[in-house]
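Trainee: Test case, fold it:
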Amino acid sequence: MTPDIANFKYKTVIHVRFSDMDAFGHVNNAVYLTYFEIARSDYWREIVGWDWNEIGIILGRSEIDYKKPITLNDEIACYVRTSRVGNSSFDIEYILVKIKDGKEEICTTGKTVCISYNYKASKSSPIPTIQRQKMIDYDEPRLIMNSN
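Mentor: Okay, the predicted model is just below:
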């Protein structure tokens, strides 16, 4: 099921590189995770203000739904939002769009389960309070499913 783009506030431009292409002239399927990573990192830096010196993040799961191919000359952007917040894990959703003549066409959607992680203790840890609240406030409490 395609998430509703109207529920996404954050959007960042992604630059398609020649090295992203496969033999058929479109972005290789594995590269989409890199696009999600770029968008997620921008979101965490600009919106959430994640303190990497305090706590890390690891991925527990990734999902991708390919809808339409992306090619070298396509102008693309990625929407990002937090859709669930638990005690130590949270879900990030993505919508990759192709922009042509000012219109956006959904090409790919995805989701990652992110885990707040303490590298010194080698275990998951609670999401820092400030970052948790920033995700909830930015992406609207009514849209975020809270769980523990």
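
Trainee: how much distance is there from stretch 35-54 to the middle of the chain?
Mentor: 9 Å (C-alpha atoms, centre = their mean, to the nearest Å).

Trainee: Kindly export it (C-alpha atoms) in CSV.
Mentor: Coordinates of each C-alpha in stretch 35-54 appear next as CSV, following Å, rounded to 0.1, in the frame of the first residue of the first chain:
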residue,chain,number,x,y,z
TYR,A,35,18.9,6.9,-1.5
PHE,A,36,16.9,6.2,1.6
GLU,A,37,20.0,6.5,3.7
ILE,A,38,20.9,9.9,2.2
ALA,A,39,17.3,11.2,2.9
ARG,A,40,17.2,9.7,6.4
SER,A,41,20.5,11.3,7.3
ASP,A,42,19.4,14.7,6.0
TYR,A,43,16.1,14.3,8.0
TRP,A,44,18.0,13.4,11.2
ARG,A,45,20.5,16.2,10.8
GLU,A,46,18.0,19.0,9.8
ILE,A,47,14.8,18.0,11.7
VAL,A,48,15.6,15.6,14.6
GLY,A,49,19.1,16.9,15.5
TRP,A,50,20.3,13.4,16.3
ASP,A,51,23.4,13.5,18.6
TRP,A,52,25.7,10.8,17.1
ASN,A,53,28.1,11.3,20.0
GLU,A,54,25.4,10.3,22.5
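
Trainee: And the strand ranked longest in the chain, what's buried?
Mentor: Longest strand of the chain, by residue count under DSSP state E: strand 103-118. Buried positions in strand 103-118, judged by neighbour count with 16 or more other C-beta atoms under 10 Å: 104, 106-117. Using the backbone N, CA and C atoms, a C-beta is placed for each residue, glycine as well.
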